[in-house]
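S.K.: Only the shape, not the letters, is given here:
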């Protein structure tokens with residue numbers, strides 16, 4: 001699997017998960033809140049998410065070597081962020097959950113900021129797709 005396919009899949013994942021922030025920010029944040037409380041309701045489940053972060057980080061850091069220089073840096077930054085998130089979820093899962101609960105409750109009162117973040121995420125996802133398609 002080449003880095004181009006990973007970039008396309010990652011871009012599609014970003015678009016699918018962040019585009020709703022542009023259209024219905026209140027409902028999207030509410031669904032994110034339900035997801036965090038349901039799926040990540042226990043420390044064990046948060047630690048499983050940490051293992052997922054490790055797998056994503058390994059894929060990003062391994063495949064970044066074959067990517068062009070501009071995309072290589074972006075993929076490495078994502079991989080490093082996943083390593084940090086993995087360490088956080090494995091060592092302090094309760095603070096991880098508490099942080100995201102506070103963040104979502106703070107953003108719920110600011111739909112303009114949520115839409116702006118959604119637009120930025122959609123642009124980044126589209127950029128990943130375009131770069132991946134161009135490389136194929």
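M.R.: Ah, there it is. The structure displayed is predicted, hence computed values, not measured ones. Numbers count the residues shown, from 1 in each chain.

S.K.: use CA for all of it now, contacts and neighbours both
M.R.: OK.

S.K.: name the helices or strands packed onto the worst-scoring helix or strand of the chain on mean pLDDT?
M.R.: One helix or strand of the chain scores below all others by mean pLDDT, DSSP states H and E: helix 25-39, with a mean of 82. In terms of contacts (3 or more CA pairs under 8 Å, 6 or more residues apart in numbering; DSSP states H and E), helix 25-39 is packed against helix 20-23, helix 93-107, helix 111-135.

S.K.: and of those helices, who's closest to residue 12?
M.R.: Distance to residue 12, taken as CA to CA, is lowest for helix 111-135 among the helices and strands packed on helix 25-39, at 6.5 Å.

S.K.: which outside residues touch the closest one?
M.R.: By CA atoms under 8 Å, 6 or more residues apart in numbering, the residues outside helix 111-135 that reach it are 3-15, 18-23, 25-26, 71, 107.

S.K.: Likewise for stretch 100-109?
M.R.: With CA under 8 Å, 6+ apart as the criterion, stretch 100-109 contacts 26, 29, 32-33, 36, 113-114.

S.K.: Spatially central residue for this structure, please.
M.R.: Geometric centre of the chain, nearest residue: residue 14, 7.0 Å, by CA atoms, centre = their mean.

S.K.: re earlier: tell me how far the least confident helix or strand of the chain is from the chain's mean position?
M.R.: Distance of helix 25-39 from the chain centroid (CA atoms, centre = their mean, to the nearest Å) equals 15 Å.

S.K.: and what of stretch 106-121?
M.R.: Relative to the chain's own centre, stretch 106-121 is displaced by 15 Å; criterion: CA atoms, centre = their mean.

S.K.: same question, stretch 48-62
M.R.: 12 Å.

S.K.: Do me a favour and average the pLDDT over that stretch.
M.R.: For stretch 48-62, the mean pLDDT works out to 91.

S.K.: quick one: buried residues of that stretch?
M.R.: Neighbour-count burial for stretch 48-62 flags 49-51, 53-54, 56-61 (criterion: 16 or more other CA atoms under 10 Å).
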